[in-house]
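Peer 1: sequence and predicted structure are below.
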Amino acid sequence: MSALRVVLVDDHAMFRTGVRTELEKLGHERGDAVEVVAEAEDVDSAVAAITEHRPDVVLLDVHMPGGGGLEVLRRLRKLGPSSLGKETTFLALSVSDAAEDVIGIIRAGARGYVTKNISGSELIAALGRVAGGDAVFSPRLAGFVLDAFAGTIEIAQVDEDLDRLTEREREVMRLIARGYAYKEVAKELFISIKTVETHVSSVLRKLQLSSRHELTRWANDRRLI
């Protein structure tokens with residue numbers, strides 16, 4: 001059986017090296033041969049690698065400089081079907097398990113979404129299933145997608161609300177909604193407490209909320225934490 005051809009897209013070189021080594025070693029041991037035909041570290045190099053190699057599966061990081069996985073899919077869509085291999089599919093890979101990330105990348109064309117705490121064996125199985133036409137999610141992430149289609153999560157409104165926030169404001173919003181103190185947010189994001197206060201004020205103003213308690217409820221209702 002021919003090897004599953006994968007393009008690995010992630011902005012951290014050490015992570016790419018670890019994933020590539022694990023996939024190729026475990027694939028050989030299991031008899032599920034995986035060949036990482038190319039790596040990419042940003043949107044431009046990802047689009048170039050995908051259009052050149054036309055892999056079976058693209059393992060696509062959601063958050064990268066220059067727009068991340070969404071921008072990669074947007075550019076490929078703009079180039080048209082001829083830019084991809086006939087059977088190329090996309091499996092999103094991220095540290096984030098937030099609803100807007102999962103739903104956004106699926107709406108853009110990914111066939112599945114896994115988080116970076118996945119084991120090597122599980123990742124190989126997910127790649128094979130996506131290549132075979134299945135949709136692959138963990139139970140928690142699958143719930144987001146089902147809720148979106150069922151109308152439980154108002155996706156259009158979530159997108160519209162989040163579009164008002166900068167990427168940094170979204171990061172601060174999510175940590176505050178999870179119960180982090182300002183000092184803890186500052187440490188987590190390597191910014192000053194004063195900057196955290198500024199971002200929180202901006203988030204509350206843009207979302208028309210009056211307190212961090214309202215913010216927590218707002219984020220929880222939209223499955224953002």
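Peer 2: Great, that's in hand.
Peer 1: okay, now the unreliable bits of this protein?
Peer 2: Scanning the chain for pLDDT under 70 picks out the ranges 1, 31, 143-160, 222-225.
Peer 1: ok, residues contacting the longest helix along it?
Peer 2: Looking across the chain with DSSP state H, the single longest helix is helix 13-30. Helix 13-30 is contacted by residues 3-4, 6, 8, 10, 32-36, 39, 41, 59, 116, 120-121, 123-124, 127 when judged by CB atoms under 8 Å, 6 or more residues apart in numbering. From N, CA and C alone the C-beta is placed, and that goes for glycine too.
Peer 1: what residues does stretch 41-50 touch?
Peer 2: So stretch 41-50 is contacted by 7, 9-11, 13, 16, 38-40, 58, 60, 64-68, 71-72, 75-76, 79, 83-84, 88 (CB under 8 Å, 6+ apart).
Peer 1: please compute how far that stretch lies from its chain's middle.
Peer 2: 16 Å (CA atoms, centre = their mean, to the nearest Å).
Peer 1: keeping just the C-alphas, turn it into CSV.
Peer 2: Extracted as CSV, the C-alpha positions of stretch 41-50 are listed here (Å, rounded to 0.1, in the frame of the first residue of the first chain):
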residue,chain,number,x,y,z
GLU,A,41,5.8,27.5,8.6
ASP,A,42,3.4,30.3,7.5
VAL,A,43,0.6,31.0,5.1
ASP,A,44,2.8,31.7,2.0
SER,A,45,4.9,28.7,2.4
ALA,A,46,1.9,26.5,3.1
VAL,A,47,0.1,27.6,-0.1
ALA,A,48,3.3,27.0,-2.1
ALA,A,49,3.9,23.5,-0.6
ILE,A,50,0.3,22.4,-1.0
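Peer 1: buried set for it?
Peer 2: 41-43, 45-47, 49-50 (16 or more other CB atoms under 10 Å).
Peer 1: and of those, the nearest to Lys206?
Peer 2: For the buried residues of stretch 41-50, the residue nearest Lys206 by CB to CB is Val43; the value is 26.2 Å.
Peer 1: ok, how many other residues are close to the closest residue to Ser211 other than its chain neighbours?
Peer 2: Take Ser211 and drop its neighbours on the chain: the residue closest to it by CB to CB, 6 or more residues apart in numbering is Leu204, 7.5 Å away. Using other CB atoms under 10 Å as the criterion, Leu204 is surrounded by 18 other residues.
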